[in-house]
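Undergrad: Give me the fold of what follows.
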Amino acid sequence: MALTMNTNSGQVTAGVLRGERSRFQLFGDTMNTASRMEHSGERNRVQISQATADLLTEAGVAHWTTPREKRIYLKGKGDMQTYWMRKSKSSGVARSNGLLTPAGAASNSELTECSEDSNTDEVMDKTERLVEWSVVVLTSLLQQIIASRGVEVQDIEALSAAENVIASRGGVVQDIMSLSAAESGTGGGRTVLEEFVPIIPLKRFDEDELRRHQNPTSIDIGDEARSQLRKYLFIVAGMYHDNPFHNFQHATHVTASVKKLLTRIVNMNEGNGLETNNAASIVERKDLVDLAGHSYGITSDPLTQFAVVFSAIIHDLDHPGVPNTQLVKENTRSAQIYKKSVAEQNSVHLAWGILMSEDFSALRACIYQTESELRRFRQLVVNTVMATDIVDKELQALRKARWEEAFSNVESATELPDRDVVSEDRKATIVIEHLIQASDVSHTMQHWHIYKSWNEKFFMECYSAYKGGRADSDPSENWYKGEIGFFDFYVIPLAKKLDSCGVFGVSSDEYLNYAKANRDEWVREGEAIVQSYIAKFNKHQSD
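TA: Residues are numbered from 1 along each chain as shown. As a prediction, the model looks like this:
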């Protein structure tokens with residue numbers, strides 16, 4: 001069965017018509033317009049009027065729509081501009097076109113571009129596979145989180161059954177409903193950036209706690225939590241704009257890199273939530289205590305790993321496709337609120353607000369069950385997403401100073417002095433920030449064809465903004481030299497820092513080698529490539 005749907009917005013008159021078949025009806029010009037739009041609709045698509053599109057724009061979700069290429073003719077109205085709604089058939093929320101499959105995200109395959117004439121069902125299927133991949137990654141970490149509590153909660157609704165056990169082990173709150181006050185208080189009325197802290201205290205488990213850890217493979221997060229996780233990811237996907245670069249597909253590319261680096265952050269697989277979950281003995285879990293010194297505690301706590309992966313997924317949510325400086329210049333609503341790091345703060349605010357809704361209580365019960373866990377999760381998300389603002393000079397200077405303080409006097413991360421928890425937490429916080437930064441530009445440190453593909457997408461986004469009047473200068477004029485400078489002054493130094501912090505093993509060498517190779521190839525081919533970008537953009541515009 002196929003449906004054709006047409007929507008208009010405006011005032012109507014409602015009433016019940018009397019007669020043999022009394023029925024409720026709507027009357028007026030709004031209804032007439034919607035009725036006359038029917039002849040121009042298409043099977044399994046939702047067509048909306050300009051009035052409806054304007055309301056969606058006012059609500060901040062203009063990216064849910066795409067204008068029809070040709071205006072339609074309505075009897076008594078003349079030519080009219082209408083729009084198509086973009087919807088996911090599984091979640092019922094809007095989402096962007098052109099998304100990678102999970103396998104493609106993990107292997108960094110090129111983006112599949114989709115036009116208005118693309119097979120909508122095929123695009124939706126790819127979106128679903130991508131979300132399913134994300135569900136698997138995050139579910140694995142949720143299993144680790146629950147296992148680390150030492151109490152297996154098969155039914156999330158039955159939290160009270162384990163209340164006394166958790167309380168006897170130092171837990172603060174077990175009934176997730178009693179966390180509502182703490183949840184509503186996160187942020188404390190401050191902006192997201194004001195919540196940033198230079199050092200995040202991470203969780204470390206002693207040997208007794210490790211003995212109580214369960215085998216993560218025995219943990220079932222429950223159908224309700226799994227369903228809520230899937231729903232949440234579909235909503236997140238729908239809130240990414242259809243930008244050439246800063247889109248949901250970019251978020252999954254960053255997530256894949258974060259997953260890769262977290263997986264390789266220790267020399268052994270034991271205890272790492274992103275590895276294949278094999279049965280772990282008490283001896284193996286005791287090894288994890290020793291490994292905490294090598295990774296500064298990052299691998300000790302699965303909640304830390306979950307928070308970093310979660311941050312990668314949501315870090316560019318609602319990104320408008322222009323830099324923060326342009327948002328401030330345009331004095332957008334978000335710029336008026338945040339002043340700086342506008343897009344990053346907005347992403348955290350929106351993603352967190354959705355997570356805190358009643359629809360995701362079972363999911364939140366898996367992520368945290370104490371106020372301290374809630375606070376640590378929030379702080380990790382704030383610091384991780386804020387680290388993706390690499391343009392703000394004040395933040396750059398702060399990171400540089402903290403790096404010098406943490407690592408300048410350490411010859412090797414494996415040659416640490418006697419355990420200093422504060423020093424380790426400082427190093428862990430900085431390593432997490434550099435991990436997300438490297439992942440955010442990981443295309444520059446991967447195979448040449450991957451770098452070139454993503455570089456083209458970013459060029460198209462910047463060039464489109466310029467052509468649309470949302471940039472002062474033509475990016476094509478300095479794109480070639482700008483990329484060389486980006487490699488020399490950001491990418492290659494960042495790759496070297498991954499190596500010098502001493503926790504990523506061979507991955508740091510791999511990232512550095514690809515960065516240098518891509519830089520050299522760009523020097524040779526970049527000028528011609530930029531011209532091909534321009535030609536491709538102009539051809540697309542003329543078509």
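Undergrad: and stretch 219-231, average pLDDT?
TA: In this model, stretch 219-231 has a mean pLDDT of 93.
Undergrad: for that stretch, which positions count as buried?
TA: Within stretch 219-231, the residues that qualify as buried are 219-222, 224-226, 228-231, counting by 16 or more other Cβ atoms under 10 Å. For every residue, glycine as well, the C-beta is placed using N, CA and C.
Undergrad: Based on its surroundings, how many neighbours for V491?
TA: 26 (other Cβ atoms under 10 Å).
Undergrad: Next one: it relative to Y514, how far apart?
TA: Separation of V491 from Y514 (Cβ to Cβ, to the nearest Å) stands at 10 Å.
Undergrad: Overlap of the contact sets of these two?
TA: 444-445 (Cβ atoms under 8 Å, 6 or more residues apart in numbering).
Undergrad: returning to what we had before: need the buried residues of stretch 219-231 in JSON lines (columns: distance to T30 and secondary structure).
TA: Shown next, in JSON lines, are those (distance: Cβ to Cβ, whole Å; DSSP: H, G, I helix; E, B strand; the rest coil):
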{"residue": "I219", "distance to T30": "53", "secondary structure": "coil"}
{"residue": "D220", "distance to T30": "50", "secondary structure": "coil"}
{"residue": "I221", "distance to T30": "46", "secondary structure": "coil"}
{"residue": "G222", "distance to T30": "45", "secondary structure": "coil"}
{"residue": "E224", "distance to T30": "40", "secondary structure": "helix"}
{"residue": "A225", "distance to T30": "42", "secondary structure": "helix"}
{"residue": "R226", "distance to T30": "41", "secondary structure": "helix"}
{"residue": "Q228", "distance to T30": "36", "secondary structure": "helix"}
{"residue": "L229", "distance to T30": "39", "secondary structure": "helix"}
{"residue": "R230", "distance to T30": "36", "secondary structure": "helix"}
{"residue": "K231", "distance to T30": "32", "secondary structure": "helix"}
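Undergrad: Looking at those, which one is closest to D425?
TA: The nearest member of the buried residues of stretch 219-231 to D425, counting by Cβ to Cβ, is I219 at 27.5 Å.
Undergrad: Find the residue closest to that closest one in space, skipping its chain neighbours.
TA: Q143 (4.2 Å; Cβ to Cβ, 6 or more residues apart in numbering).
Undergrad: What of Y338?
TA: Q345 (4.4 Å).
Undergrad: Looks to me like the one you found is in a helix.
TA: Yes: counting by DSSP: H, G, I helix; E, B strand; the rest coil, Q345 is located in a helix.
Undergrad: The stretch 351-500 of the chain: helices as residue ranges?
TA: Assigned by DSSP state H, counting those that start in this stretch, the helices in the stretch 351-500 of the chain fall at 361-367, 371-386, 393-407, 421-440, 448-467, 479-486, 492-500.
Undergrad: H349: which of these is closest?
TA: Among the helices of the stretch 351-500 of the chain, helix 371-386 sits nearest to H349 (Cβ to Cβ), with 10.1 Å.
Undergrad: packing partners for that closest one?
TA: helix 180-184, helix 302-314, helix 342-355, helix 421-440 (3 or more Cβ pairs under 8 Å, 6 or more residues apart in numbering; DSSP states H and E).
Undergrad: Looking at these, which one is packed in the most?
TA: helix 302-314 (a mean of 25; mean count of other Cβ atoms under 10 Å).
Undergrad: tilt between it and helix 342-355?
TA: 120 degrees (axes from the mean of the first three to the mean of the last three Cα atoms, to 10 degrees).
Undergrad: could you say what helices and strands helix 302-314 packs with?
TA: helix 120-148, helix 223-238, helix 248-263, helix 342-355, helix 371-386, helix 421-440.
Undergrad: about what we covered before: which ones are touching the residue nearest to Y338?
TA: Q345 touches 191-193, 334, 337-338, 386, counting by Cβ under 8 Å, 6+ apart.
Undergrad: Please report how far it lies from F487.
TA: The value you get for Q345 to F487, if Cβ to Cβ is used, is 28 Å.
Undergrad: Also Y451?
TA: On the measure of Cβ to Cβ, Y451 and F487 end up 10 Å apart.
Undergrad: if I look at the two, which residues touch both of them?
TA: Joint contacts of Y451 and F487 (Cβ under 8 Å, 6+ apart) are 444, 518.
Undergrad: Comparing these two, which shows the higher neighbour count?
TA: Applying other Cβ under 10 Å to Y451 and F487 shows that Y451 carries more neighbours, namely 25 against 21.
Undergrad: so Y463 makes contact with K536?
TA: No: the pair Y463 and K536 does not pass the contact test of Cβ atoms under 8 Å, sitting 10.0 Å apart.
Undergrad: So for these two, which residue has more residues nearby?
TA: Neighbour count, other Cβ under 10 Å: between Y463 and K536, Y463 has more, with 21 against 13.
Undergrad: Please name the residues that touch that one.
TA: So Y463 contacts 474-476, 533-534, 537 (Cβ under 8 Å, 6+ apart).
Undergrad: 7 Å instead, please
TA: 475-476, 537 (Cβ atoms under 7 Å, 6 or more residues apart in numbering).
Undergrad: closest one to Y83 among the helices of the stretch 351-500 of the chain?
TA: That would be helix 448-467 among the helices of the stretch 351-500 of the chain, by Cβ to Cβ, at 19.1 Å.
Undergrad: for the buried residues of stretch 219-231, which one is nearest M85?
TA: K231 (19.0 Å).
Undergrad: distance of the closest one from Y514?
TA: Counting by Cβ to Cβ - K231 and Y514 are separated by 37 Å.
Undergrad: between the helices and strands packed on helix 371-386, which gets nearest to H253?
TA: helix 421-440 (8.4 Å).
Undergrad: Return the list of helices and strands in contact with the closest one.
TA: helix 248-263, helix 302-314, helix 371-386, helix 393-407, helix 492-500 (3 or more Cβ pairs under 7 Å, 6 or more residues apart in numbering; DSSP states H and E).
Undergrad: Report the buried residues of stretch 392-411.
TA: 392, 395, 399, 402-403, 406-407, 410.
Undergrad: Columns pLDDT and distance to Y368 on top of these, output as a markdown table?
TA: Shown next, in a markdown table, are the buried residues of stretch 392-411 (pLDDT from 0 to 100; distance: Cβ to Cβ, whole Å):
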| residue | pLDDT | distance to Y368 |
| --- | --- | --- |
| D392 | 87 | 30 |
| L395 | 85 | 27 |
| R399 | 84 | 27 |
| R402 | 84 | 27 |
| W403 | 86 | 29 |
| A406 | 80 | 27 |
| F407 | 80 | 30 |
| V410 | 50 | 32 |
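Undergrad: Distance to R426 added to those, as CSV?
TA: Shown next, in CSV, are those (distance: Cβ to Cβ, whole Å):
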residue, distance to R426
D392, 21
L395, 17
R399, 12
R402, 7
W403, 10
A406, 5
F407, 10
V410, 11
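Undergrad: Compute the distance between the closest residue in space to L74 that isn't next to it in sequence and A438, please.
TA: Excluding its sequence neighbours, the residue lying closest to L74 (Cβ to Cβ, 6+ apart) is R36, at 4.5 Å. Going from R36 to A438 by Cβ to Cβ gives 55 Å.
Undergrad: Let me know the pLDDT of the nearest residue to E433 once chain neighbours are set aside.
TA: Distance criterion Cβ to Cβ, 6+ apart; nearest residue to E433, sequence neighbours excluded, is A387 at 3.8 Å. At A387, the pLDDT value in this model is 95.
Undergrad: Next, A387: phi, psi?
TA: phi -70, psi -20 (degrees, to the nearest 10).
Undergrad: How is I337 assigned, secondary-structure-wise?
TA: With three-state DSSP as the criterion, I337 reads helix.
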